[in-house]
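**Student:** following is a predicted model, sequence given first.
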Amino acid sequence: MQESIISGLISGITVTFLVVFARNFWISVITPWFEERVYKDAKIEGKWFGLYPTSLDLRQDVITLKRHGHSIKGTMTCTKSKGGDEGDEYNVCGSFRNMLLPLTYESTDKKKTDRGSMTLACVRNGQRFKGKIALYNTIEDEISEAAILWFRSKEDLEKVVVKINSHKEELKRIREEKTKLAQKEDEIETIDSDDISNTLDESSSSS
């Protein structure tokens, strides 16, 4: 009786082990192998250059992606930031299907809690990603979002940076002109008011 119980337990454990092993083997080996054979989306693996076009400091990242089937893993390193994040590295993971790339990221530094998510669309014939990133803003103590662009080449990123800076300078010039115009209008209104007052005084004196 005891031998039958032990034999049954061993058989049960063996079957469970084989099922778990077969499942993990299927998920980690067979499924990616099949996905790689039928993969039809853009080849996005390799290096990308990230830009936050709406940030004041135009923060930049370098992203390196590895693809296995539709699964995506990689790293993201901040290369330019006035917020003290330069050199910070993050692990990213997600999947790429139908030209959409949803990712989560987390700091590789265990002392930091930086983490968030982003969703990007592959555009420009596979040469650019554009989308939004959701992140925890430690200064405002809230979840914030920001626009994000990824470029295949550093040169394309730099061209966009030059264009953004040019637009900022133009906007600054327009605002300065508006301020000067408003000041001029105030001066004219003041002069007109003084003229009216003087005219009324003169009329009173004549009477």
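**Tutor:** Cool, got the structure.
**Student:** can you count the residues close to residue 50?
**Tutor:** Neighbours of residue 50 under the rule other C-beta atoms under 10 Å: 23. Bear in mind the C-beta positions are built from the backbone N, C-alpha and C, glycine included.
**Student:** now the strands: where do they sit in the chain?
**Tutor:** 46-51, 60-68, 71-80, 89-95, 100-107, 115-123, 128-137, 142-151 (DSSP state E).
**Student:** what is the least confident helix or strand in the chain?
**Tutor:** Least confident helix or strand of the chain, by mean pLDDT, DSSP states H and E, is helix 31-38 with a mean of 56.
**Student:** can you list the low-confidence ranges for the protein?
**Tutor:** For the chain, the stretches flagged by pLDDT under 70 are 1-12, 15, 17-22, 25-40, 138-139, 191-207.
**Student:** domains in it, by residue range?
**Tutor:** The chain is divided into the following domains under automatic domain parsing: 1-38, 46-158.
**Student:** Serialize the strands of the chain to CSV and add fields for distance to residue 161.
**Tutor:** Written out in CSV, the entries for these read as follows (distance: least, C-beta to C-beta, whole Å):
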stretch, distance to residue 161
strand 46-51, 7
strand 60-68, 8
strand 71-80, 10
strand 89-95, 22
strand 100-107, 22
strand 115-123, 18
strand 128-137, 14
strand 142-151, 10
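**Student:** among these, which comes closest to residue 165?
**Tutor:** Distances from residue 165 to each of the strands of the chain were compared by C-beta to C-beta, and the smallest falls on strand 46-51, at 12.1 Å.
**Student:** pull the CA atoms of that closest one into PDB?
**Tutor:** Below are the C-alpha coordinates for strand 46-51, written out as PDB (Å, rounded to 0.1, in the frame of the first residue of the first chain):
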ATOM      1  CA  GLY A  46      19.400  47.700 -33.600                       C
ATOM      2  CA  LYS A  47      20.100  51.200 -32.500                       C
ATOM      3  CA  TRP A  48      17.700  54.100 -32.300                       C
ATOM      4  CA  PHE A  49      18.100  57.700 -31.200                       C
ATOM      5  CA  GLY A  50      15.300  59.100 -29.000                       C
ATOM      6  CA  LEU A  51      14.200  62.700 -28.600                       C
END
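**Student:** ok, the closest residue to residue 118 other than its chain neighbours - contacts?
**Tutor:** The spatial neighbour of residue 118 that comes closest, neighbours along the chain excluded (C-beta to C-beta, 6 or more residues apart in numbering), is residue 133 at 4.0 Å. By C-beta atoms under 8 Å, 6 or more residues apart in numbering, the contact list for residue 133 reads 52, 116-118, 145-148.
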